[in-house]
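In: Show me the folded form of this:
(chains A, B, C and D)
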2 protein chains.
Amino acid sequence: MHDAVASDPMAHDHDACIAAAIDRVEARCRVAGLQLTPVRRRVLEILLEEHRALGAYGILDRLRAEGLGSQPPVAYRALDFLMKHGFVHRIETLNAFVACTTGANAAPEDPHMPAFLICRACRRVIETTVPTARGRLETAAEGAGFAIEHAVREAEGVCATCRRAS
Amino acid sequence: MHDAVASDPMAHDHDACIAAAIDRVEARCRVAGLQLTPVRRRVLEILLEEHRALGAYGILDRLRAEGLGSQPPVAYRALDFLMKHGFVHRIETLNAFVACTTGANAAPEDPHMPAFLICRACRRVIETTVPTARGRLETAAEGAGFAIEHAVREAEGVCATCRRAS
DNA sequence: GCTCCCAATGTAATGTTATCACATGAGTTA
DNA sequence: TAACTCATGTGATAACATTACATTGGGAGC
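Out: The predicted structure follows:
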């Protein structure tokens, strides 16, 4: 099951990567007084295991197999919690979710503006961080008197690994 | 039915605006040998009448009332055609559709990179055009060896009109 | 101890968005 | 006419998301 990942040039030590991410999230929950309950924690782990976007029903299937909830609201509520606190992001173009892979969940006081590169070949989602400073979209909005509250930046294409493979 | 629009500060001559847009699209279809069939034309008109994003099922309801089709594929096929040729854009964050309001559908040889400002108060969608030149997302992608094929830029917030109103 | 409250979860039902599969019709070409 | 293509008609189903209400379990205050 992990072979595909292990043979991938982009592979890394998944277990350590996941453990570190979970540790960061746990630390933030302790500090902020948030409850990282079993369901919430497991949903985060599932998303960390995949480095791909997973749909709510894909997550739900896994939870069901583990006896952690069987109805859609279970998954959506956990995702709402994780997104609210920046541990997970929603990918609008896929109606799916990915774990936050920047260190930003360790430094919430410097909010990052995430952007996503979605590979249509391997379905992997690369999260990049762009500076919070004003870019072209913000400039255009300012000119129109529009107050941006939330911005979505997603790009579909082919990642470096898949380009080399073809 | 048009009162709400007519009393709006952002109102303009809708009929002329729609007619001009339809004319541009018709011209491009003639040149490119595309069939702007009754259903496709009507879907475009419906989207031009609203200056808002409309869901596929909202469009379908209108078509149904006019006897132009009653099943989802009718609406989705027309939207696919209109999007494929740049006459309509999909708003990913709303799972909805808007007519293209830039003049770009008259000048396809200079493809625009549309960005959308979505007002959460009045639901109006403002389409702005950003230069095709490389911005921060493109720079980040290049650095990662990622080849962008399609980018989504959408921002939710409050438009100038609604800000003044509150 | 207790009750009250609140946050999280369990669960059924439903709502919304999108696609598939296959049949039909209209026009073009051979 | 036959073969083909493009658009449409239609029923069924898949995929994504929310509502509403019941239940549980752990503090806070008495």
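In: who touches stretch A:33-48?
Out: A:17-18, A:21-22, A:25-26, A:28-29, A:54, A:59, A:62-63, A:66, A:68-69, A:74-75, A:77-79, A:81-82, A:85, A:87-88, A:97-99 (Cβ atoms under 8 Å, 6 or more residues apart in numbering or on different chains). The way it works is simple: take the backbone N, C-alpha and C, and place the C-beta from them, glycine included.
In: now stretch A:121-130
Out: A:10, A:51-53, A:89, A:91, A:98, A:100-102, A:104, A:112-119, A:153, A:158-159, A:161-162, A:165-166, B:136-137, B:140-141, B:144, B:146.
In: now check the helix or strand harbouring A:V74, is it near chain B?
Out: Per DSSP states H and E, A:V74 falls inside helix A:72-84. No - legend: contact between helix A:72-84 and chain B by Cβ under 8 Å from any Cβ of the partner chain is lacking; minimum distance shown is 13.7 Å.
In: okay, that helix in PDB with CA atoms only?
Out: Output of helix A:72-84 as PDB, limited to C-alpha atoms (Å, rounded to 0.1, in the frame of the first residue of the first chain):
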ATOM      1  CA  PRO A  72     -21.400  12.400   6.900                       C
ATOM      2  CA  PRO A  73     -21.600  15.000   9.700                       C
ATOM      3  CA  VAL A  74     -19.000  13.100  11.600                       C
ATOM      4  CA  ALA A  75     -16.400  13.800   8.900                       C
ATOM      5  CA  TYR A  76     -17.600  17.300   8.100                       C
ATOM      6  CA  ARG A  77     -17.600  18.400  11.700                       C
ATOM      7  CA  ALA A  78     -14.000  17.200  12.200                       C
ATOM      8  CA  LEU A  79     -13.000  18.900   9.000                       C
ATOM      9  CA  ASP A  80     -14.700  22.100  10.000                       C
ATOM     10  CA  PHE A  81     -12.800  22.100  13.300                       C
ATOM     11  CA  LEU A  82      -9.500  21.400  11.600                       C
ATOM     12  CA  MET A  83     -10.000  24.000   8.900                       C
ATOM     13  CA  LYS A  84     -11.200  26.600  11.300                       C
END
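In: Can you name the residues in contact with it?
Out: Outside helix A:72-84, the residues that touch it by Cβ under 8 Å, 6+ apart are A:34, A:39-40, A:42-44, A:56-57, A:59-60, A:63, A:68-69, A:88-90, A:97.
In: Please flag which of the contacts of stretch A:33-48 sit within helices.
Out: Taking DSSP state H as the definition of helices, the contacts of stretch A:33-48 contribute A:17-18, A:21-22, A:25-26, A:28-29, A:59, A:62-63, A:74-75, A:77-79, A:81-82.
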